[in-house]
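Enquirer: predicted model, plus sequence, below.
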Amino acid sequence: MSEPAEQPQGERVDLVTADTDGDGRPDIWVADTDGDGKADLFELDTDHDGTPDLTMVDDDQDGTPDRVVNP
Ligand SMILES: [Ca+2]
Ligand SMILES: [Ca+2]
Ligand SMILES: [Ca+2]
């Protein structure tokens with residue numbers, strides 16, 4: 001049996017995570033939240049405590065965030 005390739009609407013899937021300061025915990029997340037496989041959510045852990053502090057949304061999905069959700 002194989003799972004369907006398409007994810008349910010509204011389910012977040014992390015496409016990219018990165019550890020920029022080398023502490024072993026991700027501090028950048030790039031995720032798809034609408035199920036089209038393209039990134040639309042960007043999160044940054046600016047104080048490197050392991051929890052995202054800045055969330056940005058790429059409304060037009062051109063790869064560049066357009067809107068800050070929680071400044
Ligand atoms: Ca998307
Ligand atoms: Ca943080
Ligand atoms: Ca954009």
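Expert: Alright, I've got the coordinates. These numbers were taken from a predicted model, which means no experiment stands behind them. Ligands and ions are numbered 1, 2, ... in the order given.
Enquirer: average pLDDT across stretch 28-35?
Expert: Average pLDDT, stretch 28-35: 94.
Enquirer: is any residue of it near ligand 1?
Expert: Yes - on the criterion C-beta under 5 Å from the ion, stretch 28-35 is in touch with ligand 1 at D32, D34. All C-beta atoms are positioned from the backbone trio N, CA, C, and that covers glycine.
Enquirer: what are the buried residues along that stretch?
Expert: Buried residues in stretch 28-35, counting neighbours by 16 or more other C-beta atoms under 10 Å, are found at W29, V30, A31, D32.
Enquirer: what does this structure put close to ligand 3?
Expert: Residues of the chain lying close to ligand 3 (C-beta under 5 Å from the ion) are D58, D60, D62, T64, D66.
Enquirer: buried ones among those residues?
Expert: Buried residues within these, counting neighbours by 16+ other C-beta under 10 Å: D58.
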